[in-house]
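S.K.: Here you go, sequence then predicted model.
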Amino acid sequence: MIRVEGLVKDYPMAGDTVRALHEVTFEIPTGSLAAIMGQSGSGKTTLLNLLAGLDGPTAGRYWLNGRDVSAFGVVEWSRERNRTIGFVFQAFNLLPSMSALGNVELPLVYRRVPPRQRRERAQAALEAMGLAHRAHHRPTELSGGQQQRVAIARALVGDPPLLLADEPTGNLDAETGDEILNLLAALNRQGRTIVIVTHSAEVAARCQLVLRMRDGRMLPAAAGGGA
Ligand SMILES: Nc1ncnc2c1ncn2[C@@H]1O[C@H](COP(=O)(O)OP(=O)(O)OP(=O)(O)O)[C@@H](O)[C@H]1O
Ligand SMILES: [Mg+2]
């Protein structure tokens, strides 16, 4: 599903540069439930943003589903993301002025799915997250766990084969975090490839593949505890 080779990311900083990724090389096979771990500042979010095409690498190559996407520009990436990738942010990033349903419909608006079909699919995605009864609530009228489930419904409404999640349980209490993790594991069993950035050893223990980062470098791969 994902293969990167020698990925480098430099951020320009006041005439200098910060190297956030140093020639990172790894693979995540299709169907994996994978964790990316590492201390704060080790480059996890930087890496996930590159994998989603939200930012471009300074150097290195990236194959997504066997296709070389290293040289993709903004337009190609937005099309690719729309088809292939669902993204869940640590801070949910829901639009505050829209209902849960409106937020979940958004990716389908960009895909130009007709309104009625859009609504039906968004309803179904919310229902799958156990939130049918909260469809007309705005994000501020929902709990943290509910907001994250709306964000996951939004990431999944277009049925992408790959889900990238940046600390999806980071802002939640242990119990709610567990529920979200159970949801992600179930989605993985349905065949989706899922990559979770996490600080939690418990989360990583449930992943088949654990990638560990330190100071912008990927440490040698190790097997996790299994799902
Ligand atoms: N936009 C930016 N401009 C300059 N430096 C940046 C930028 N974004 C990140 N960095 C630097 O790159 C390094 C990696 O940051 P990144 O956000 O990827 O870490 P992280 O592993 O996600 O950390 P955390 O666990 O705290 O979220 C850090 O040293 C950070 O200061
Ligand atoms: Mg981060």
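M.R.: The structure has been received and is ready for your questions. Numbers count the residues shown, from 1 in each chain. Ligands and ions are numbered 1, 2, ... in the order given.
S.K.: mind listing what the residue positioned nearest the centre of the chain touches?
M.R.: Compute the mean C-alpha point of the chain, and by CA atoms, centre = their mean the closest residue is residue 164, 2.0 Å away. Applying CB atoms under 8 Å, 6 or more residues apart in numbering, we find residue 164 in contact with 48, 51-52, 85-88, 195. Where you see a C-beta, it was placed from the backbone N, CA and C, and this is true even at glycine.
S.K.: Grab the longest helix from the chain for me.
M.R.: Longest helix of the chain, by residue count under DSSP state H: helix 174-189.
S.K.: Torsion angles phi and psi at residue 2?
M.R.: Dihedral pair for residue 2: phi -120, psi 130, per degrees, to the nearest 10.
S.K.: Can you tell me how far it is from residue 59?
M.R.: 18 Å (CB to CB, to the nearest Å).
S.K.: which residues of the protein score low on pLDDT?
M.R.: Scanning the chain for pLDDT under 70 picks out 221-227.
S.K.: interface residues of it facing ligand 1?
M.R.: Counting by CB under 6 Å from any ligand atom, the residues of the chain close to ligand 1 are 11, 13, 18, 20, 38, 40-46.
S.K.: Provide a PyMOL selection command restricted to the buried entries of those.
M.R.: In PyMOL, a selection of the buried entries from the residues of the chain next to ligand 1 looks like this (16 or more other CB atoms under 10 Å):
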select buried, resi 20+38+42+43+44+45+46
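S.K.: Would you map the helices across this structure?
M.R.: With DSSP H as the criterion, the chain has helices spanning 44-51, 74-84, 100-110, 115-128, 144-156, 174-189, 201-205.
S.K.: coming back round to it: out of residue 2 and residue 59, which sits in the busier spot?
M.R.: residue 2 (19 against 12; other CB atoms under 10 Å).
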